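Participant: A structural model of the following input is requested.
(one chain, ligands or ions: 1)
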Amino acid sequence: MSKLLIVGTVAFDAIETPFGKTDKILGGAATYISLSASQFGINSGIVSVVGGDFPKKYLKKLNKRFINTDGVEIVENGKTFFWKGKYHNDLNSRDTLITDLNVLADFKPIVPENFKDTDFLMLGNLHPTVQMEVIKQIPNRPKLVVLDTMNFWMDNTLPELMEVIAKIDVITINDEEARQLSGEYSLVKAAQKIHNMGPKYVVIKKGEHGALLFNNGNVFYAPALPLEEVFDPTGAGDTFAGGFIGHMAKSGDISFENMKRAVISGSNLASFCVEKFGTERMENLSQEEIQKRLLQFKLLTQFEIELS
Ligand code: AMP
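Facilitator: Residues are numbered from 1 along each chain as shown. Model prediction:
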């Protein structure tokens, strides 16, 4: 069975959407990634940090889904990373109101011994220096290294981020971030420029408009499922990334053809994530539901046409 190591925030989130708002609830990039990847029955573990204020029951929720949290450091006298965001009416854009790094500011990650031989590495959204520290602690290069990041790190730590980008295989970012990173408006040109920074594969997420996978001239497009109701998009990008790498890790096949299926798997899982506030939907998702929706994805995009 493949091993998957996930690095990213384990956080408190406060979310406001046109449909309601929450107080501090369980969130964080690594939380969403791991819940999503746990659907593939692989051996996964998280490297992260939380404060003494973080309820143990949240870690137990992850353990219940066979996610190893030995690499989650608990700083008893510190406070957990906190993010507050507010969505606009179209739910495709949001404002970040608060980013309190708290214990993340001085975090020195330690990869647990039994994950140093991981086959797959998911560098979820967090400080690029932490992402680099984790890369350095893994003696043999994993089969596939995927990186997710966001504008916050481009604005504040670009040189460190560029060093990490040079070392990875796949980058997943949203369209605005791809434009910011490359300085190109056209996503095709943006992907080319990002290829030149290091990653062979560039995945550009476009929210409710799906995702594009670029590999030096090859392009694949996966739609997002048109949903009747989107309640809270928080974590959709991370859930997508978790579904992507979960699929890759389960199959062990890192070809472009298989990556296309991984992009569909990621889109499929993200479509569930947005149906409820926070992680709620991802905590109670069945294989039957996932398989049924995969069929919907197939029907949505399959067509026959006569070529003359
Ligand atoms: P997404 O909606 O997929 O972009 O991810 C939302 C999650 O990212 C939330 O659960 C936040 O806790 C987390 N998050 C927000 N800002 C940051 C940041 N600067 N670094 C790491 N994680 C973040």
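Participant: who touches the longest helix seen in the chain?
Facilitator: Identified as the longest helix of the chain according to DSSP state H is helix 256-273. Where contact means Cβ atoms under 8 Å, 6 or more residues apart in numbering, the residues beyond helix 256-273 that reach it are 32, 36, 39, 170, 201, 203, 210-211, 213, 215, 218, 220, 222-225, 227, 233, 235-237, 239-248, 251, 281-282, 285, 289-290, 293-294, 297. (C-beta placed from N, C-alpha, C; glycine too.)
Participant: which residues in this structure form helices?
Facilitator: Along the chain, the stretches classed as helices by DSSP H are 29-37, 56-64, 128-136, 151-156, 158-165, 175-182, 187-197, 236-251, 256-273, 280-283, 287-301.
Participant: Deepest-packed of the ones you listed, please.
Facilitator: Among those, judged by mean count of other Cβ atoms under 10 Å, the one packed with the most neighbours on average is helix 29-37 (a mean of 30).
Participant: next one: that helix to chain centre, how far?
Facilitator: Helix 29-37 has its C-alpha centroid displaced from the chain centroid by 7 Å (Cα atoms, centre = their mean, to the nearest Å).
Participant: near the ligand, which residues of the chain show up?
Facilitator: With Cβ under 6 Å from any ligand atom as the criterion, the chain meets the ligand at residues 9, 11, 13, 27-29, 83, 99, 125-126, 150, 152, 234-238.
Participant: Of those, just the buried ones, ChimeraX syntax please.
Facilitator: Buried members of those can be picked out in ChimeraX with the line below, counting by 16 or more other Cβ atoms under 10 Å:
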select :9,11,13,27,28,29,83,125,126,150,152,234,235,236,237,238
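Participant: Now, the residues of the chain next to the ligand that are in strands?
Facilitator: Judged by DSSP state E, these include 11, 13, 27, 83, 99 as members of strands.
Participant: got the contact list for the second one?
Facilitator: Shown in contact with Asp13 (Cβ under 8 Å, 6+ apart): 22, 24-28, 82-85, 234, 278.
Participant: cutoff 7 Å now
Facilitator: By Cβ atoms under 7 Å, 6 or more residues apart in numbering, the residues touching Asp13 are 25, 27, 83, 234, 278.
Participant: Can you tell me the closest non-neighbouring residue to it?
Facilitator: Gly27 (3.0 Å; Cβ to Cβ, 6 or more residues apart in numbering).
Participant: With the first one instead?
Facilitator: What sits nearest to Ala11 in space, not counting adjacent residues and going by Cβ to Cβ, 6+ apart, is Gly28, at 3.4 Å.
Participant: ok, the nearest residue to Phe152 once chain neighbours are set aside to Met150 distance?
Facilitator: The spatially closest residue to Phe152, leaving aside those adjacent along the chain, is Thr99, at 6.3 Å (Cβ to Cβ, 6+ apart). In this structure, Thr99 and Met150 are separated by 10 Å, where distance is defined by Cβ to Cβ, to the nearest Å.
Participant: cool, and Lys116?
Facilitator: Lys116 sits at a distance of 27 Å from Met150 (criterion: Cβ to Cβ).
Participant: Within the sheet, what are the partner strands of the least confident helix or strand in the chain by mean pLDDT, with directions?
Facilitator: Among the helices and strands of the chain, strand 20-21 carries the lowest confidence by mean pLDDT, DSSP states H and E, at a mean of 91. Strand 20-21 has the following sheet partners, assigned by DSSP bridges: strand 11-17 (antiparallel).
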